[in-house]
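Participant: Predicted structure and sequence below. I'll ask about it afterward.
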Amino acid sequence: MSEASNPKPESETADNDVPELTGSGLQAEKSRRLAQLDEMRAKGVNPYPYRFDRSHTLAELRAQWGHLEPGSETEANVSIAGRIMLKREQGKLIFGTVRDRSSDIQLFVSKAVIGDEGFADVANLDLGDWVGVHGIVMTTRKGELSIKVSRLELLSKAVRPLPNKWTGLTDTDTRFRQRYTDLIVNEDARRAFQVRHAVISSFRRTLATKEFIEVETPVLHVEAGGAHARPFLTHHNSLDMQLYLRIALELHLKRLIVGGMERVYEIGRVFRNEGISTRHNPEFTMMELYQAFGDYSEVMAICEELIVQAARDAIGTTIVGIADPEGVVHTVDLAEPWRRASMIELIAEKTGVETHPSQPVESLRALADKVGVRYDKRWGSGKLIEEIFEFTAESSLICPTFVTGHPVEISPLARADRNDPFITERFELFVGARELANGYSELNDPVEQRLRFEDEQAAKDAGDVERGTVDEDYLRALEFGLPPTGGLGVGMDRVAMLLAGVSSIKEVILFPTLRPEAF
RNA sequence: GCACCCUUAGCUCAAUGGUAGAGCAGCUGACUCUUAAUCAGUAGGUUCUAGGUUCGAGUCCUAGAGGGUGCACCA
């Protein structure tokens, strides 16, 4: 602590023994800081104390004293804690910036106030150190709200230097691998995760007002059903059995509707063993809800309400900028009524050709050829229609759009449309050309569900690895009676992306999946 | 999986095939109202890895590693 009295000559004599203390490479820098810790311990000071009691967060401090006149000095003695982000030394004065989770504040450290020893301790602080500060609330002559420091204690030493204080950390690899560093120096990163949190908590509040019950269902599945995706495979030792990580929440949640819970939802991680892109992470977060006695139009309304409310809660507005696939940003008000259009309507809009899943595959293959969609010989009319839709129309769906009327063939868990046996009462929500949500009137006829499962199994047996199997327990549940039910699934990461205004899913997943780093 | 691009100091970035530099962070010194403080000085490099071409490679070639973007996959 008394380094003012014996500053550097000693460490320079030590240079001969500890060459790492010379220079300013990373190793030398760490050695220098670790040596400070040794000096503190030698004086009986614990450089890693157990706790610190603060009187105010920095936001509370700003709320209470944010409007002081320049040159004011209060009687208010406060204690705050945070991380040193900036330091400006000026002879017998040191200015510092401390940041906590809520805000930041300037420290005003005067040698005359804090004393020689305390002043030397402050001078020895490095950017990144955690400190607890006691002092008086004041403003400088220029009006900057500050704390005139009477005492400062180190709460934890940063042994490794922070990235550039002005440019921050921009290397994406390092940002994602060392998310802690990213969060320290990049305001935008902190903000994106605040938005994500606000979205999820908003969903929970909205659903609570509608009397939905939040549940947790298994992640380890005997059969990976509820979606078309390749699963991750794992193994349980004592049962000596193969298990899958879930690819969807759907089938367990609907069992709960059979059980009479009527309104359930789950926000949970699902896992799909597929490619990684700006829109895909192998593990991501889905919200699925099921509501008894409702159909797809009812959950469509809930979907709209959930997302509009989340926008208000997370960013305080329903107006967002949405980039189209060309990168042009469109200003969109999410509060406006969302467009509803059927898949075959949208295909007709783009191609001028009327399609329907009842048509023979040949005519749809001809259209696919015409618009340039590659297809598999095993695909039926329904799958062809979906592919044609994705290829021709999807990229133009910038404003929120409910696409409805998916063919039965591609919707094994959705109920057929009450007016058209070839399509389902299903919708997908597209915003910014990205699929955000999916919902339908749930198929509750156990006999028809078995036939659909058998079609899935046949496709899987024919080599389509993403298709499903016959889930006998789920069929048994349906045999006990699933009431009319509307179901909804929302990709929470993508909603967070939309509202945070970021273009990569990695910006809203704290620790995205990466190859392991070589150490 | 395929194509293209990137990898240089702790961080952000320079460097016609010809002695690897700067800013920030660090260190030393000056400075009692700074705000990315300023000023003077100083130190810091396995140029991602392994080969190759060349009198000479951060730069060119080959292979590999990691990352990014696009495509494929993703109902």
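Facilitator: It's in.
Participant: Please make it C-alpha for all contacts and neighbour counts, starting now.
Facilitator: Fine.
Participant: and the residue lying closest to A:Thr139 once chain neighbours are set aside, what does it touch?
Facilitator: Closest residue in space to A:Thr139, ignoring its immediate chain neighbours: A:Leu145 at 4.4 Å, by CA to CA, 6 or more residues apart in numbering. The contact partners of A:Leu145, taken as CA atoms under 8 Å, 6 or more residues apart in numbering, are A:62, A:65-66, A:68, A:105-106, A:137-139.
Participant: Which of these lies at the shortest distance from A:Asp464?
Facilitator: Using CA to CA, A:Ile105 is the member of those that lies nearest A:Asp464, at 59.1 Å.
Participant: Any idea how many residues pack against A:Ile509?
Facilitator: 21 (other CA atoms under 10 Å).
Participant: That one and A:Ala189, how far apart?
Facilitator: 10 Å (CA to CA, to the nearest Å).
Participant: before we move on, what about A:Gly487?
Facilitator: A:Gly487 is 33 Å from A:Ala189, by CA to CA.
Participant: One more: A:Ser381?
Facilitator: The value you get for A:Ser381 to A:Ala189, if CA to CA is used, is 45 Å.
Participant: filter the contacts of A:Leu145 down to the ones near RNA strand B?
Facilitator: With CA under 7 Å from any atom of the strand as the criterion, the contacts of A:Leu145 include A:Gln106 near RNA strand B.
Participant: mind checking the longest helix of chain A?
Facilitator: The single longest helix within chain A, with elements called by DSSP state H, is helix A:187-209.
Participant: Show me the contact partners of that one.
Facilitator: A:182-183, A:213, A:306-307, A:309-311, A:313-315, A:492-493, A:495-496, A:499-500, A:502, A:507-510.
Participant: Would you mind naming what in the stretch 201-350 of chain A lies close to RNA strand B?
Facilitator: A:226-229, A:274-280.
Participant: Turn the residues you listed into a markdown table, including pLDDT and secondary structure.
Facilitator: Shown next, in a markdown table, are those (pLDDT from 0 to 100; DSSP: H, G, I helix; E, B strand; the rest coil):
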| residue | pLDDT | secondary structure |
| --- | --- | --- |
| A:Gly226 | 89 | coil |
| A:Ala227 | 89 | coil |
| A:His228 | 88 | coil |
| A:Ala229 | 90 | coil |
| A:Glu274 | 89 | coil |
| A:Gly275 | 87 | coil |
| A:Ile276 | 91 | coil |
| A:Ser277 | 91 | coil |
| A:Thr278 | 92 | coil |
| A:Arg279 | 92 | coil |
| A:His280 | 94 | coil |
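Participant: Widest-spaced pair of those?
Facilitator: Longest span within those, CA to CA: A:Gly226 and A:Thr278, 23.7 Å.
Participant: Of these two, give the one with the bigger neighbour count.
Facilitator: Neighbour count, other CA under 10 Å: between A:Gly226 and A:Thr278, A:Gly226 has more, with 18 against 11.
Participant: List the contacts of that one.
Facilitator: Listed by CA under 8 Å, 6+ apart, the contact set of A:Gly226 reads A:247-251, A:413, A:468.
Participant: Which ones among these lie within helices?
Facilitator: Per DSSP H, those map to helices at A:250-251.
Participant: Throw together a PyMOL command that grabs the buried residues out of the contacts of helix A:187-209.
Facilitator: Selection of buried members from those for PyMOL, criterion 16 or more other CA atoms under 10 Å:
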select buried, chain A and resi 182+183+306+307+309+310+311+313+314+315+492+493+495+496+499+500+502+507+508+509+510
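Participant: Among the contacts of helix A:187-209, which are located in strands?
Facilitator: A:Ile213 (DSSP state E).
Participant: Tell me which helix or strand the spatially closest residue to A:Arg41 that is not a sequence neighbour sits in.
Facilitator: With sequence-adjacent residues excluded and distances taken as CA to CA, 6+ apart, A:Arg41 is closest to A:Pro47, at 7.1 Å. A:Pro47 belongs to no helix or strand when assigned by DSSP states H and E.
Participant: Just to check, A:Pro47 is in contact with A:Ala158?
Facilitator: No. A:Pro47 is beyond contact range of A:Ala158, at 10.6 Å (criterion: CA atoms under 8 Å).
Participant: hey, what's in contact with both of the two?
Facilitator: Common neighbours of A:Pro47 and A:Ala158 (CA under 8 Å, 6+ apart) do not exist.
Participant: which residues touch A:Arg179?
Facilitator: Here A:Arg179 is in contact with A:510-511 (CA under 8 Å, 6+ apart).
Participant: How much space separates it from RNA strand B?
Facilitator: To RNA strand B, A:Arg179 is 12 Å away according to CA to the nearest atom of the strand, to the nearest Å.
Participant: before we move on, the earlier item: looking only at neighbour counts, state which of A:Gly487 and A:Ala189 leads.
Facilitator: Higher neighbour count among A:Gly487 and A:Ala189: A:Gly487, with 28 against 18, using other CA under 10 Å.
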